[in-house]
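1. Sequence and predicted structure are below.
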Amino acid sequence: MLKNDGIDANSHSSTPLTTDISRQADLILCFEREQISDLLEQNPLAIRKVFLFNDFVNACKHMHAEGPIAGDTAADKLIEIMDCVPMLRPFFAYGTRNRRPSSSITRGV
């Protein structure tokens, strides 16, 4: 796919995520909850900057629909999104997947 877009990825290789890399990262996107669990076992302090890819995309879409994302730089905008994601998760988790909260949640148990 990259080659079709004129991008040469022959020299690319994956790098296992280490504790040091996760400490230095500003944002970590995972595709599965198990990846998040594994990451947090090795570095619990990464919890604020690790997200499911879809959750992060949905948060960006939601915030963009509300207007420009606050911040003068890309780093400022990233911080704004990361700060808002925990509050937005219930909305896009249920709304975009057409799932409903379990009865225990709706009853307040």
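-> Cool, the structure landed.

2. which residues touch stretch 41-58?
-> Stretch 41-58 is contacted by residues 18-19, 22-23, 25-33, 36, 39-40, 59, 81-82, 85, 88-89, 92-93, 96 when judged by Cβ atoms under 8 Å, 6 or more residues apart in numbering. In this view, the C-beta of every residue, glycine as well, is placed from N, C-alpha and C.

3. So how do I select the buried members of those in PyMOL?
-> Only the buried entries of the contacts of stretch 41-58 go into this PyMOL selection, using 16 or more other Cβ atoms under 10 Å:
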select buried, resi 22+28+29+30+36+39+59+81+82+85+88+92
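
4. Now do the helices in the protein.
-> Counting by DSSP state H, the chain has helices at residues 19-24, 33-42, 53-65, 74-95, 103-106.

5. Which of those helices sits closest to residue 10?
-> Nearest of those to residue 10, taken as Cβ to Cβ: helix 19-24 at 22.9 Å.
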